[in-house]
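1. only the shape, not the letters, is given here:
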């Protein structure tokens, strides 16, 4: 399990995550599964954007995740499976 980053924003069916400094620069994780610390699968990476040194990821949230659980993800760390 690799730390992806921290959830900054929740917009409709997307999470915006600031990438962790420990991630390899320039590596694309598109369509990778994203999990919580408890290993619950929450979505897939849609795209990488922003500056190369401090990128962001948008994550498509799976439809079966309850809205209350999604709201609790703000400011939490998420991980790559």
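-> The structure has been received and is ready for your questions. What you see is a predicted model, and the numbers here were worked out from it, not measured in a lab.
2. wait, residue 76 sits on residue 4?
-> No - applying Cβ atoms under 8 Å as the test, residue 76 and residue 4 come out as separate, 11.1 Å apart. Placement of C-beta: from N, CA and C, glycine included.
3. name the residues that touch the worst-scoring helix or strand of the chain on mean pLDDT?
-> Within the chain, no helix or strand scores below helix 67-71, which has a mean of 93 by mean pLDDT, DSSP states H and E. Here helix 67-71 makes contact (Cβ atoms under 8 Å, 6 or more residues apart in numbering) with 10, 15, 42, 61.
4. mind picking the two most distant members of these?
-> Taking every pair in the contacts of helix 67-71 and measuring Cβ to Cβ, the maximum separation is 11.2 Å, between 10 and 42.
5. list residues touching both of those two?
-> 70, 73.
6. between these two, which one's more packed in?
-> It is residue 42, of residue 10 and residue 42, that has more neighbours when counted by other Cβ atoms under 10 Å, with 21 against 17.
7. quick one: mean pLDDT over the helix or strand hosting the more buried one.
-> For residue 42, the host element (DSSP states H and E) is strand 41-49. Confidence for strand 41-49, expressed as mean pLDDT, is 95.
8. who are the packing partners of it?
-> Under the contact definition 3 or more Cβ pairs under 8 Å, 6 or more residues apart in numbering; DSSP states H and E, strand 41-49 sits against strand 14-19, strand 33-35, strand 56-61.
9. adding mean pLDDT, distance to residue 81 and mean neighbour count, write these out as TSV.
-> As requested, the helices and strands packed on strand 41-49 are exported to TSV (pLDDT from 0 to 100; distance: least, Cβ to Cβ, whole Å; neighbours: other Cβ atoms under 10 Å):
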stretch	mean pLDDT	distance to residue 81	mean neighbour count
strand 14-19	96	14	20
strand 33-35	96	4	19
strand 56-61	96	12	20
